[in-house]
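Colleague: sequence and predicted structure below; questions after.
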Amino acid sequence: MRKAFVFSLVALLSFTLCLLTSNVYAAAPCSGTGDCTIQTAIGPISTNPQSFTESIFNAILGIAGGIALLLIMVSGYKYMTSQGNPEAVKAATEQLTSAIIGLLFIILSFVILEIIGVDILKIPGFG
């Protein structure tokens, strides 16, 4: 059972990596400013550092949200199938609490980074 799970996880990650890099070399012509876009399976990615960083942050936040959603669903399933077993109920509620707290940490870290970068340090092009 454990080997099948690990194999399916590796297969899913490999498939995702293939999708992300499938068209990485099909670059659009650059404009006069040197801002090129590269067409990938997830959409165009800019070579401009500001746009690239923004797209990376958005992707990380989306992936973290998806993982947190999956963890919440798994903990709900574990809670439903615990059949009143106190140890299983406690483990499921701890996993649910950890998933929600982890998601809040990720969201608050992006908010704090935005506040420090834009409001306090006034980094040009950061906001």
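Modeller: Thanks, I have it.
Colleague: which SSE is I45 in?
Modeller: strand 43-46 (DSSP states H and E).
Colleague: now for that strand, which elements pack on it?
Modeller: strand 37-40, helix 49-80 (3 or more CB pairs under 8 Å, 6 or more residues apart in numbering; DSSP states H and E). Using the backbone N, CA and C atoms, a C-beta is placed for each residue, glycine as well.
Colleague: pLDDT weak spots in the chain?
Modeller: By pLDDT under 70, the weakly predicted segments of the chain are 1-35, 124-127.
Colleague: let's see it at 80
Modeller: For the chain, the stretches flagged by pLDDT under 80 are 1-35, 38, 40-51, 53-55, 57, 118, 122-127.
Colleague: circling back: nearest to P86, of the helices and strands packed on strand 43-46?
Modeller: helix 49-80 (12.0 Å; CB to CB).
Colleague: may I see the buried residues of the closest one?
Modeller: Within helix 49-80, the residues scored as buried using 16 or more other CB atoms under 10 Å are 55, 64, 68, 71, 75, 78.
Colleague: save those residues as JSON lines, and put in distance to I115 too.
Modeller: Converted to JSON lines, the buried residues of helix 49-80 look like this (distance: CB to CB, whole Å):
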{"residue": "S55", "distance to I115": "21"}
{"residue": "A64", "distance to I115": "19"}
{"residue": "A68", "distance to I115": "22"}
{"residue": "L71", "distance to I115": "27"}
{"residue": "S75", "distance to I115": "31"}
{"residue": "K78", "distance to I115": "36"}
